[in-house]
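Peer 1: Predicted coordinates and the sequence they were generated for:
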Amino acid sequence: MIYRESKVYFDGSHYIAIPHTNRPPSNRRKPVEEFIEVRQEQSAETVAQSTEPVREEAKEARTATAEPDFSDDDVFEEGCVYLTPETAPFPFAFDDEPQSEEQNPATVRMTRKELFERLYAQTADLPRKDRKVAIFTAMLPYFQDEFAAKMFVEENFNRKIRNLVARKIRLARKANLQEFNYFCTFTYDDKLHDEVAFRKKLTNCLSLFSSRKKWRYIGVWERSPEKNRLHFHGVFHIPDGTMPGELVEVNDYSFAIHQRQVTLQNTYFNKRFGRSDFELIDEQSRKAEALAYILKYIEKTGEKVVYSKGLSQFFISDIMEEDVVCRVGVDDRKLLLFDDFGCWDEGCYVGKVSKDVIEQMRRCN
């Protein structure tokens, strides 16, 4: 038996194939969302200042009188502090009573999902249990009853978890089909750029290197915890002979580890952006550490991962029956392949699986 046009990916240990199916595309219509008027009461500065008192209140004052009545198995677990409008770390009102025109602030028209996304971002530094209760408290006035609000918050928290898992899987599959040789960090200089110009010009620069010099990279934007300065971390595959400028060793002082260190910096990026750090990835373990470093930020802040063009999750190959070890996955839909299985492209044998053979195969996402 031949499994034609199968999608193959590498999970870090073995090659897995997903046989092609002829299932018709599902009709996934997005439901029409209702718009609501959200009242804004606090400035961004007030929100930032109120986050720390809320965290302390969550630790010290577990008030049972203000908590909603949820079961032990519910997402709103017992012991969570039920935040009041005065202590909630978000710029929205909760008073159901109408306000006078003098007291009524400007309103913003948005959907409940957009409101949830804003609250989810603003409460990122709260513990998970308190975060759920905080968002529930903020959204309660925009539902008919507590049950509807609770189900909405629970559903969207589950959606966030599913999306995070899917993003991790996508990153792992793209990274495992690519060899990386550098872990790079780019930081801007105030004399050369501001944040907006730095993000725009570095993105454009890396995009041009990707299309013209076949650079491949996976990265994420991050802010330093102390100075809150924007910089870019990424793992890069830089082909031989395509490095601009020169790599020079610089002896400077590291405030992170409080000692002097020798770093590898690039004169091209230093001149145009401020500072660049290039660390050679010569072992598979270092590649895993670099990818784990990127994953940490998408888990903590929800920052989007930046992918270069040319990075795919799968390559397409016909799979022979003798190359299949067994079926795996949900309902045995996937095929576990031998480490030396043969790659076929539209009936033509390309060779046993290897880096060079995979480069010749068609790709897809």
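Peer 2: Now that the structure is in, tell me what you want to look at.
Peer 1: So, low pLDDT: which residues of this protein?
Peer 2: For the chain, residues meeting the criterion pLDDT under 70 lie at 40-105, 225, 253-259, 299-302.
Peer 1: Now name the helix or strand holding residue 153.
Peer 2: Following DSSP states H and E, one finds residue 153 within helix 146-176.
Peer 1: which secondary structure elements does that helix contact?
Peer 2: In this structure, helix 146-176 makes packing contacts with strand 2-10, helix 112-122, helix 128-139, strand 216-223, helix 284-300, judged by 3 or more C-beta pairs under 8 Å, 6 or more residues apart in numbering; DSSP states H and E. Where C-beta positions appear, they are placed from N, C-alpha and C, glycine not excepted.
Peer 1: let's go with 10 Å and repeat that
Peer 2: strand 2-10, helix 112-122, helix 128-139, strand 216-223, helix 284-300, strand 306-307 (3 or more C-beta pairs under 10 Å, 6 or more residues apart in numbering; DSSP states H and E).
Peer 1: So which of those is the most surrounded?
Peer 2: helix 128-139 (a mean of 22; mean count of other C-beta atoms under 10 Å).
Peer 1: Specify the local secondary structure of residue 185.
Peer 2: Following DSSP: H, G, I helix; E, B strand; the rest coil, the label given to residue 185 is strand.
Peer 1: Residue 150 and residue 139 touch, don't they?
Peer 2: Yes. If you go by C-beta atoms under 10 Å, residue 150 and residue 139 touch, sitting 9.5 Å apart.
Peer 1: sorry, back to before: and the helix holding residue 153, what's buried?
Peer 2: The neighbour-count check on helix 146-176 (16 or more other C-beta atoms under 10 Å) flags 149-150, 152-153, 156-157, 167, 171-176 as buried.
Peer 1: how about CSV for those, with distance to residue 120 added?
Peer 2: CSV is the format used below for those (distance: C-beta to C-beta, whole Å):
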residue, distance to residue 120
149, 15
150, 16
152, 12
153, 10
156, 8
157, 8
167, 15
171, 21
172, 24
173, 26
174, 26
175, 27
176, 30
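Peer 1: List just the nearest of the residues you listed to residue 309.
Peer 2: Checking the buried residues of helix 146-176 against residue 309 with C-beta to C-beta, the nearest one is residue 174 at 11.7 Å.
Peer 1: and the gap between the closest residue to the closest one other than its chain neighbours and residue 194?
Peer 2: Closest residue in space to residue 174, ignoring its immediate chain neighbours: residue 311 at 4.6 Å, by C-beta to C-beta, 6 or more residues apart in numbering. Distance, residue 311 to residue 194, by C-beta to C-beta, to the nearest Å: 29 Å.
Peer 1: before we move on, what about residue 181?
Peer 2: Computed with C-beta to C-beta, the distance linking residue 181 and residue 194 is 31 Å.
Peer 1: Please say which of the two ends up with more neighbours.
Peer 2: Here residue 181 and residue 194 are set side by side on neighbour count (other C-beta atoms under 10 Å), and the busier one is residue 181, at 15 against 10.
Peer 1: Now do the contacts for the more buried one.
Peer 2: Contact criterion C-beta atoms under 10 Å, 6 or more residues apart in numbering gives 235, 236, 237, 238, 239, 240, 278, 280, 281, 282, 287 as the residues in contact with residue 181.
Peer 1: Format those as CSV; extra columns: secondary structure and distance to residue 33.
Peer 2: As requested, these are arranged in CSV below (DSSP: H, G, I helix; E, B strand; the rest coil; distance: C-beta to C-beta, whole Å):
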residue, secondary structure, distance to residue 33
235, strand, 38
236, strand, 40
237, strand, 41
238, coil, 44
239, coil, 46
240, coil, 51
278, strand, 46
280, strand, 49
281, coil, 44
282, coil, 50
287, helix, 41
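Peer 1: with those in mind, which one is nearest to residue 365?
Peer 2: Checking those against residue 365 with C-beta to C-beta, the nearest one is residue 237 at 17.9 Å.
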